[in-house]
Structures are given as C-alpha cells and as structure tokens.
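*Asks:* Sequence first, then the predicted structure:
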Amino acid sequence: MESILKVSGLTGGYSPRRPVLHDITFEVKAGEMIGLIGLNGAGKSTTIKHLLGLMKPQTGEVRIDGVTLEEETERYRSAFAYVPETPVLFDELTVEEHLRLTGMAYSVKDANYEERVEELLKQFQMVPKRKAFASHLSKGMKQKVMIMNALLAEPPLYIIDEPFLGLDPLGIRSLLERLVEVKEKGAAILMSSHILSTVEAYCDRFIVMHHGRIVAIGTLEDVRRAAGMEMRGGSLEDAFYKLVTGGNA
Ligand SMILES: Nc1ncnc2c1ncn2[C@@H]1O[C@H](COP(=O)(O)OP(=O)(O)OP(=O)(O)O)[C@@H](O)[C@H]1O
C-alpha cells in the first residue's frame, strides 16, 4: 500500500537547544488507521504540530502525499484534514456555512455536495442544528462540526487529535463508523487518543511515544513484544503500562 504520511528521523521542539522529539520515524499507508498513544507530555501534540507544518523539523522530514511542505505547499496542505482536540470555529457562521466553506476550500464537487452534507448532518445528529451559529453550539456539537468538515473534504490523510473527549456515545459511534468507512475506501488515518480500548479495537497499528521517543510501533503483537510480554497475551493497555512504567508505577 502507498505511504501517505512518512515521517523520517524527525527531531524537533520549541527551542533548538532542547528538542522534545527525538528521531521519530513512522509512516501511515493508504487504508490504514494508526493510533498514536503516550502519557501526558510524551510528545503527541508536538509531533502533530510538525505534521501540520506549524513547527519546522530541526532534523529529519515530514512527507505527505510524497512531498514536504517546502517542496509543494499547496499539495501538502490539501492532502490532509485535521481535527484538533479543541474545536476551532467561526462564531458568526452557522453549521451549514462551515460545511459550505470546507466544500469550497477543498473543491468538493457541487453535484454530491448537498447529498453528502445531508448525510453527515444525519449521521452526527446535527440536522436540528444546521442553521445554528457556532457560538450557540455545545462543546460536543462544535467537535462534530470539525469532524463533519474533515469528512466532507475526503482527504487522503486524516490527522485526528483526541476526538472522543467531547462526544456523546452516539457521536463516538458515528465517528468510528465513518472512519472505518473512509479507511476502507483508502484513506490513511493517524489518531491520537488516551482511550486505549477504543484505539485497540479500531486501529491497525500503534505508535507508543514516551519522553519524545517512539518506544514501540506496529501491531498489538509488536507492541506486546516491545513490552516483553509476547507469551502472555494482554491488552494494548497492559502493554502500554509496562512500556511507560516498566510495570513499576
Ligand atoms: N508551547 C510549548 N513550549 C514549550 N514546551 C512545550 C510547549 N508545548 C509542549 N511543550 C513540552 O513538550 C513536551 C511534549 O508535549 P506535548 O504537548 O507534545 O505532549 P502530548 O503527548 O501531546 O501530551 P498530552 O497527552 O498531555 O496532550 C512536554 O514536555 C511539554 O511540556
């Protein structure tokens, strides 16, 4: 499968003298959902900021759709949609207007635009709120607008940061169902979350970060092996716990 996101030897951080990320290397292929997990401060958001182009690598590089941000800015940016942990919306625009804006930004074809908007509004229980201003939405509803925007764009890569916090159980289920759908159609998904049972159930592979380094990467079996527990089975959470505490916390 084709690699949509490729991070190679990425070292970076907020000050040149004290990098937060150390030699991060991983890829996300088309049709693959990868879970990015780690304790508070492990470096997940800093990694994501590098992917978004908000931070520049000190060494190493990030390629999306085969190009770096410097090589082809437009292509790089339009190849992904980002769903942040905290929704960022325009207070004075309605739900529908946000979707229309995304439709224009990502050149969603007019013929299927209306149909897809209707479907998304239904899937995320937002039909009654279609004309509501963003400032009048609940936190979870704002999160749903961000998610609908990303899904409407249908990019090759989804970068999703801790999406479950504000969502109700129906919203979580709708999101996971849609992610499985887009993945099956060939999208690549990188999702950071602390909800390890959901990450385990839905992701194909996992990246475990600790103190700015990748300490395990691969399937559940690979992560278990890295934690030294391959013979005994165990959940992602068991392996994670061993990896980040040595089993001693
Ligand atoms: N704006 C900043 N300036 C300086 N240091 C920062 C900044 N943001 C984060 N850091 C530091 O970078 C390290 C990694 O933080 P990061 O936000 O990437 O962690 P995280 O894995 O996303 O954690 P969480 O699960 O809490 O969101 C931490 O040591 C943190 O203190």
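*Replies:* Yes, it's here.
*Asks:* Can you name the residues of the protein that neighbour the ligand?
*Replies:* The chain comes close to the ligand at residues 14, 20, 38, 40, 41, 42, 43, 44, 45, 46, as judged by CB under 6 Å from any ligand atom. In short, each C-beta sits where N, CA and C put it, glycine included.
*Asks:* Would you check that my belief about the last one contacting residue 54 is correct?
*Replies:* No. Taking contacts as CB atoms under 8 Å, residue 46 lies outside contact range of residue 54: 9.8 Å.
*Asks:* Neighbour count for these two, which is higher?
*Replies:* residue 46 (21 against 10; other CB atoms under 10 Å).
*Asks:* in which helix or strand would I find the residue nearest the centre of the chain?
*Replies:* Nearest to the geometric centre of the chain sits residue 160, at 2.1 Å (CA atoms, centre = their mean). If you go by DSSP states H and E, residue 160 is part of strand 157-161.
*Asks:* Would you map the helices across the chain?
*Replies:* 44-52, 73-78, 95-105, 110-123, 139-153, 169-184, 196-202, 220-226, 236-245 (DSSP state H).
*Asks:* okay if I get those helices as CSV plus mean pLDDT?
*Replies:* Converted to CSV, the helices of the chain look like this (pLDDT from 0 to 100):
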stretch, mean pLDDT
helix 44-52, 96
helix 73-78, 93
helix 95-105, 88
helix 110-123, 86
helix 139-153, 92
helix 169-184, 93
helix 196-202, 95
helix 220-226, 94
helix 236-245, 93
